[in-house]
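>>> The following comprises the amino acid sequence and a computationally predicted model.
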2 protein chains.
Amino acid sequence: MERNLSLDLHVLVARLDRIADRILRAEHNISYSRFLALTLVGELGFTTQRALADGLGVTEPSVSRMTAVLAAEGLVDVQPDPAGGNRRQLSLTDKGKQIVTSLRQEFEEKLAALVAHSGVPYDEFAEHTARLLATLDRTEQEPTR
Amino acid sequence: MERNLSLDLHVLVARLDRIADRILRAEHNISYSRFLALTLVGELGFTTQRALADGLGVTEPSVSRMTAVLAAEGLVDVQPDPAGGNRRQLSLTDKGKQIVTSLRQEFEEKLAALVAHSGVPYDEFAEHTARLLATLDRTEQEPTR
DNA sequence: ATTGCTAAGTTAGCATGCTAAGTTATGAGG
DNA sequence: CCTCATAACTTAGCATGCTAACTTAGCAAT
């Protein structure tokens, strides 16, 4: 069957997401989306919803809804941003940090195992992925498009 | 910022999907999900909803709903499968074929342009992606897991 | 031919993505 | 000071992913 890159990438990620989601729900009672959001808040330190949306590749309304849920669950702390405007300042609570640190490494290890099993060179693939993402970031904020 | 492969892959595809969706909706009034489904029905020739779900990396209920819509729009033809069971036999209508053939190449070209612009070697990346996907397929249909 | 298994498909309801349109806070120009 | 523009956020409503549970059709074993 004649495949193509956009379809392959889409399907690969759809499946990885589903596997990740199942593991997280079964073992830790959290969805993959929320886990990714927590991970990124952890990496960014204190951040805004706008920055989180960019980092996750989703829109502000999605983050708005998710933030409300994560705050209600006591995983992130939401404060007015001292920088002003309507900004909110997001950060992980201790409970949130605990979840991120305990799961994140386990997670990358499972993916690394899959990659190793396929014979694809991990570092190279990861670097290509990161580079494509960086290029996309740059492309998107160009004026003419 | 310390990134990781699962997040990068997820975000990369989320953004590519969104770009694709915008272009398709604006220029051709069809969502990216439906376009992918049509593409795959085209590649598979006569197929079942089950096989389509596997190929797209989604579940049967998703395909069930989408098939109903695509059939109502006159893009796919749905017949009882001569192989029997509850199977439906899906195939593209002429209108469906027209959409797929006119858009598919344009699409891969845009992705190829992005890849070229990033300096990532296209063939290698595409091959790695396909190999990961194939490995995942094999892993998933193993008995113990 | 009855009973029971399995596979394909559907239906119901929830999670989370999106766009469009509103709200709120800040700052710039008159 | 008032008005307007802009940026961040929220709200409303739709699209489409999922799981769980049901229906339907064929097949196998008694």
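On my side now, so go ahead.
>>> so where is chain A shaky, pLDDT-wise?
In the predicted model, chain A carries pLDDT under 70 at residues A:1-3, A:140-145.
>>> again, only this time at 90
Scanning chain A for pLDDT under 90 picks out the ranges A:1-4, A:23, A:25-29, A:82-85, A:101-111, A:137-145.
>>> Please see if the one helix or strand A:Ala14 maps to touches DNA strand C.
Per DSSP states H and E: A:Ala14 is located in helix A:5-28. No: Helix A:5-28 stays clear of DNA strand C (C-beta under 7 Å from any atom of the strand), getting no nearer than 8.1 Å. From N, CA and C alone the C-beta is placed, and that goes for glycine too.
>>> quick one: contacts of that helix?
Taking contacts as C-beta atoms under 8 Å, 6 or more residues apart in numbering or on different chains, the residues outside helix A:5-28 that touch it are A:30-32, A:35, A:99, A:103, A:107, A:110-111, B:6, B:9-10, B:12-13, B:16-17, B:20, B:36, B:39-40, B:55-58, B:107-108, B:111-112, B:115, B:122, B:125-126, B:129-130, B:132-133, B:136, B:140.
>>> wait, does it make contact with DNA strand D?
Yes: counting by C-beta under 7 Å from any atom of the strand, DNA strand D has neighbours in helix A:5-28: A:14, A:18, A:22.
>>> Around DNA strand C, which positions in chain A sit nearby?
For chain A, the residues found near DNA strand C under the criterion C-beta under 7 Å from any atom of the strand are A:31, A:33-34, A:57-59, A:61-62, A:65-66, A:69, A:84-86.
>>> residue contacts, the closest residue to A:Val120 other than its chain neighbours?
Excluding the flanking residues, the one nearest A:Val120 by C-beta to C-beta, 6 or more residues apart in numbering or on different chains is B:His128, at 4.5 Å. If a contact means C-beta under 8 Å, 6+ apart, then B:His128 has A:120-121, A:124-125, A:128 as its contacts.
>>> Now those residues in a markdown table, please, with extra columns for distance to B:Leu44.
Below are those laid out as a markdown table (distance: C-beta to C-beta, whole Å):
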| residue | distance to B:Leu44 |
| --- | --- |
| A:Val120 | 26 |
| A:Pro121 | 31 |
| A:Glu124 | 31 |
| A:Phe125 | 28 |
| A:His128 | 29 |
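>>> who's in contact with the residue at minimal distance from the centre of chain A?
Closest residue to the average C-alpha location of chain A: A:Leu36 at 3.4 Å, with C-alpha atoms, centre = their mean. Shown in contact with A:Leu36 (C-beta under 8 Å, 6+ apart): A:56, B:7, B:10.
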